[in-house]
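Engineer: dropping the sequence and predicted coords here.
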Amino acid sequence: MTLRSGISLFALVILNACVGDEDVTGFIRPGPSVSSVDYQPSWSPNGEWIAYRHGPADNQGSGVHIIRPDGSERRLIIDSSEYPDWAPSGTELVVKRFYNSQFHLVQIPSGISNVLTHDSLSKLCPSWHPSEKKIAFSIHAGPDSIAGIWEYAIIDSIYTRILPIRGIDPDWSPTGNRLVFIREFSILALFDYSTEITEDLIEASVLSSHALWYPSFSPDGEKIVFHTNPTSSQEAIIWIYNLSDKSINKVMVGGIEPSWSPDGLNLVYVRHLIHRKDVVGNGYLWILNLLTGYQSHLTHP
């Protein structure tokens, strides 16, 4: 059993600087051929938009953009921000701003934004609960009394640490009764909200990798997609874990940060090949059809 613990906002102190995922995944960094890249795609629940972070790897000039799945109406929606996640209604985003580490709510498509949180936490990876009443997030760095998976109650402004273990990249199940996350950077884990029991699903070593990232529930709640780190001899790989029989399938090589379409038939992902040069569309968004295997190039420099 895990322990839930509420904590006063004034008692929250982060001692160490947070490390963003672009610093530890071996991501494609800007160079002569790539001035900016895409990160963190998130497909809206109504299927109308894909939100993503676009900009240099050093954060300067980065912001959250939106684009239609057919490639039209691409535009910056809020600057100096990252980690976009959709409200279940599909009409609002939560993002983290670089300059104050606060979560902001952004209306779509107007771009009108309002600050949501007011704290000293180095928050990452927000995930909106299906009820729209709370947001899960992770704290990577800091003492054991702080690091872990948290939730923020939007109406009451109450912080609760759900998991007092080091975890990243939380994502709610469609019913809101479970959270998938990455434990200790290397274990795909599942937290049952009603029983408070955590189950380890698979370790990175089984997949010949040293780290797992970006897990996401399928719309029907039966599968979890995620990616493994590239290694000295292997590109990043996107995988799907099947909860019913605990099987795992390799989806594709050379992609990271996958996000499901609302019908569960497609994935939007970042093309990510570091062991091959001059790959068209490297570092930008692509869409993979899971039925046919067809990959289409969505964003361009």
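Structural biologist: Nice, I can see it.

Engineer: okay, and for this structure, where does confidence drop off?
Structural biologist: Along the chain, the model assigns pLDDT under 70 to residues 1-35, 57-61, 141-145, 277.

Engineer: quick one: which helix or strand includes the spatially most central residue of it?
Structural biologist: Centre of the chain computed as the mean C-alpha position; nearest residue by CA atoms, centre = their mean is residue 214, 4.9 Å away. Residue 214 is part of strand 212-217, with elements assigned from DSSP states H and E.

Engineer: and what of residue 118?
Structural biologist: Here residue 118 is assigned to no helix or strand, by DSSP H and E.

Engineer: just to revisit the earlier point, so the residue nearest to the centre of the chain sits right up against residue 224, yeah?
Structural biologist: No. In this structure residue 214 lies outside contact range of residue 224 using CB atoms under 8 Å: 10.4 Å. Any C-beta I mention is one placed from the backbone N, CA and C, and that applies to glycine too.

Engineer: how about the strand holding residue 214 as CSV, C-alpha atoms only?
Structural biologist: Presented in CSV, the C-alpha positions along strand 212-217 are these (Å, rounded to 0.1, in the frame of the first residue of the first chain):
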residue,chain,number,x,y,z
LEU,A,212,11.6,4.3,-20.5
TRP,A,213,9.6,7.4,-21.3
TYR,A,214,6.3,9.0,-22.0
PRO,A,215,3.7,6.2,-21.3
SER,A,216,0.1,6.9,-22.4
PHE,A,217,-3.1,4.9,-22.1
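
Engineer: ok now that strand, how far from the chain's centre?
Structural biologist: Using CA atoms, centre = their mean, to the nearest Å, the mean C-alpha position of strand 212-217 is found 7 Å from that of the whole chain.

Engineer: first to last residue in stretch 73-85, what's the distance?
Structural biologist: Counting by CA to CA, to the nearest Å, you get 19 Å between the two ends of stretch 73-85.

Engineer: tell me the buried residues in it?
Structural biologist: The neighbour-count check on stretch 73-85 (16 or more other CB atoms under 10 Å) flags 74, 77-78, 80-85 as buried.

Engineer: now do stretch 107-123
Structural biologist: Using 16+ other CB under 10 Å as the test for burial, stretch 107-123 gives 108, 113, 116-117, 119, 121-123.

Engineer: what are the ranges of the helices in the stretch 1-150 of the chain?
Structural biologist: Shown for the stretch 1-150 of the chain, no helices are assigned by DSSP state H, counting those that start in this stretch.

Engineer: mind listing the strands for it?
Structural biologist: For the stretch 1-150 of the chain, the strands defined by DSSP state E, counting those that start in this stretch occupy 5-6, 37-43, 50-55, 63-67, 75-79, 81-86, 92-97, 103-107, 113-115, 124-128, 134-139, 148-153.

Engineer: any chance of CSV for the ones you listed, columns distance to residue 247?
Structural biologist: Shown next, in CSV, are those (distance: least, CB to CB, whole Å):
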stretch, distance to residue 247
strand 5-6, 36
strand 37-43, 24
strand 50-55, 28
strand 63-67, 33
strand 75-79, 38
strand 81-86, 28
strand 92-97, 33
strand 103-107, 36
strand 113-115, 42
strand 124-128, 25
strand 134-139, 26
strand 148-153, 26
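
Engineer: wait, which of those strands is closest to residue 299?
Structural biologist: strand 37-43 (5.6 Å; CB to CB).

Engineer: now the closest one against strand 212-217, angle please.
Structural biologist: Relative orientation of strand 37-43 and strand 212-217, computed by axes from the mean of the first three to the mean of the last three CA atoms, to 10 degrees: 20 degrees.

Engineer: for residue 49, give me its contacts.
Structural biologist: Going by CB atoms under 8 Å, 6 or more residues apart in numbering, residue 49 touches 43, 66-69, 90, 108-109.
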